[in-house]
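> Build me a model:
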Amino acid sequence: MNEKKILIKGGRVLVLGITFKENCPDIRNSKVADVVRELENFGAKVDVYGPWASPAETRHEYGIRLVSKPASKKYDAVVAAVAHDEFRVLGRRGILRYCKARHVIYDIKHILPAAHTDGRL
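Below you'll find the predicted structure:
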């Protein structure tokens, strides 16, 4: 985000996925909550979309409220954190629907080709 001169503090970030692994509702031992906390510590406003996770369980275990549907053109950054089939099907084009004109896409789980992201693990 810094490289693209997008402020992290106050920036809107969408995290795709919260479960421990793809296509599974299990949130136990998920490290995604740590990613969310770190972004929040930098002052980002983070929305988490977890179609496989229980909203009540996620709120109870991590204090994270899931969004039922990400908003269009709202986010400065999108972090693909879990490789759910739904996110693979979205592809870059679908993910771009959530992004502002100037944005960052970071792909932790390699759901997109490297050339379609700004960074990945």
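> which residues in this protein form helices?
Here the chain has its helices, by DSSP state H, at 32-41, 55-62, 85-96.
> So which of those is nearest V15?
helix 32-41 (5.9 Å; C-beta to C-beta). (Each C-beta comes from the backbone N, C-alpha and C, glycine too.)
> I'd say P55 and R65 touch.
Yes: P55 lies in contact with R65 (C-beta atoms under 8 Å); the separation is 7.2 Å.
> neighbour-wise, which of those two wins?
The neighbour count for P55 versus R65, taken as other C-beta atoms under 10 Å, is higher for P55 (15 against 10).
> Next, the contact list for H110, please.
Contact partners of H110, counting by C-beta atoms under 8 Å, 6 or more residues apart in numbering, are A83, R120, L121.
> what separates the residue nearest the centre of the chain from H84, distance-wise?
Residue closest to the mean C-alpha point of the chain, counted by C-alpha atoms, centre = their mean, is V15 at 1.3 Å. Look at V15 and H84: by C-beta to C-beta, to the nearest Å, they are 12 Å apart.
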